[in-house]
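Peer 1: with the input below, show me the fold.
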Amino acid sequence: MLTLILQSLVDGILMGGIYGLVAIGLTLIFGVMKIINFAQGALLMLGMYISYWSFSLLGLNPYLSIPLSAISLFFIGAIIQKTILSKMLNAPEHNQLLVTLGIMLVIENLALILWSPDFRSVKLEGFIQTFNIGEVGVNVPKLIAFIAAIVLSIGLFLFLKKTMLGKAIRATSINRNGAMLSGINTNRINYIAFGLGASLAAIAGSLITPFFYTSPTVGATFILKGFVVVVLGGLGNFIGAIIGGLIIGISEALGGAFLPGSLKELMTYIIFVIVLMAKPNGLFGGKAR
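Peer 2: Predicted coordinates for the structure are as follows:
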């Protein structure tokens, strides 16, 4: 029993880092544009396919394809923002949600047409898949994804705190009108922020490709968890996104160990409801950015 609990904790923490990375992309977009991006999961799926086809056609290790997927999705995200979402910034919230939902459906159906609904996977030859610490097994691809997610999260945090562009993004997030009066081009910040959010989704997709199936609908699995993590940690809060991701990852893993079948999701949403009842604004209430 102790080994089972420890194994579940390890698996949950490792997956929690990925959930946190997906949630940070959502948080960045929401913080700057005040739009909840339903298409984030579809962008993650595109990142997975870039890594999958790079591996299948070119023999490129999925980890080495991360720059390609990140750059590609940055430009795709920037184009989506400039051509579609820039016209929706002042629209009612339900209209914004429907537009991002529509973008998600378009991307998913294009993927279905181009690549079929088949599940695909990547098998890395000569790559150590697991190692043991005592009786607990550690999945190496998941560990790499977790470490990369934490490093990226810290790097993004420092970028937003220390660089001029990062400070401009934070200023736009805190007070758009004040940022405009200070000479910041908020329209430019919008597409940069959305592009960065899309890049984070793509990187998360590339990181999970070695141990998770790739299909046109895979994004739905992660976007739902991403929204739960964002709300749990507090909208607009980066630290809350990481901690919320770890909480959801651990609760999901423990639920899978002790609850039958699809009921493993139950523990995640029980924790989610309890936290929102106690703290409706999330664990960190959106205070820290």
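Peer 1: the strands in the chain, which residues?
Peer 2: 130-133, 136-139 (DSSP state E).
Peer 1: lowest mean pLDDT across those, which one is that?
Peer 2: Note on the strands of the chain: lowest mean pLDDT is at strand 130-133, with a mean of 84.
Peer 1: buried sites along stretch 57-64?
Peer 2: 62-63 (16 or more other CB atoms under 10 Å). Just so you know, the C-beta spots here come from the backbone N, C-alpha and C atoms, and that holds for glycine as well.
Peer 1: of all the strands of the chain, which lies closest to Gly77?
Peer 2: Nearest of the strands of the chain to Gly77, taken as CB to CB: strand 136-139 at 29.5 Å.
Peer 1: and that closest one, what other elements does it pack with?
Peer 2: helix 2-33, strand 130-133 (3 or more CB pairs under 8 Å, 6 or more residues apart in numbering; DSSP states H and E).
Peer 1: within the sheet, what are the partner strands of the shortest one, with directions?
Peer 2: By that I understand strand 130-133. Counting by DSSP bridges, the strands paired with strand 130-133 are strand 136-139 (antiparallel).
Peer 1: and for the partner strand, what are the contacting residues?
Peer 2: 3, 6-7, 10-11, 14, 129-132, 211 (CB atoms under 8 Å, 6 or more residues apart in numbering).
Peer 1: buried residues, it. List them.
Peer 2: 136, 138-139.
Peer 1: residue ranges with poor pLDDT in this structure?
Peer 2: 126, 128, 261-262, 285-289 (pLDDT under 70).
Peer 1: centroid residue for it?
Peer 2: In the chain, the centroid-proximal residue (CA atoms, centre = their mean) is Val22; its distance is 1.0 Å.
Peer 1: about what we covered before: the helices and strands packed on strand 136-139: which one's closest to Ile192?
Peer 2: The nearest among the helices and strands packed on strand 136-139, by CB to CB, is helix 2-33 at 8.6 Å.
Peer 1: I'd like to know which elements that closest one is packed against.
Peer 2: Helix 2-33 packs on helix 40-58, strand 136-139, helix 140-162, helix 164-174, helix 186-208, helix 219-233, helix 238-258, going by 3+ CB pairs under 8 Å, 6+ apart.
Peer 1: so which of those is nearest Asn90?
Peer 2: Going by CB to CB, the one of those nearest Asn90 is helix 186-208, 12.3 Å.
Peer 1: can you give me the angle that closest one makes with helix 2-33?
Peer 2: 160 degrees (axes from the mean of the first three to the mean of the last three CA atoms, to 10 degrees).
Peer 1: and helix 186-208, which residues are buried?
Peer 2: 186, 189-208.
Peer 1: now do it: distance to the chain's middle.
Peer 2: 10 Å (CA atoms, centre = their mean, to the nearest Å).
Peer 1: other SSEs contacting that helix?
Peer 2: Counting by 3+ CB pairs under 8 Å, 6+ apart, helix 186-208 packs on helix 2-33, helix 40-58, helix 66-83, helix 140-162, helix 164-174, helix 176-181.
Peer 1: any chance you could list what contacts stretch 271-283?
Peer 2: 228, 231-235, 237, 240, 243-244, 247-248, 251, 285.
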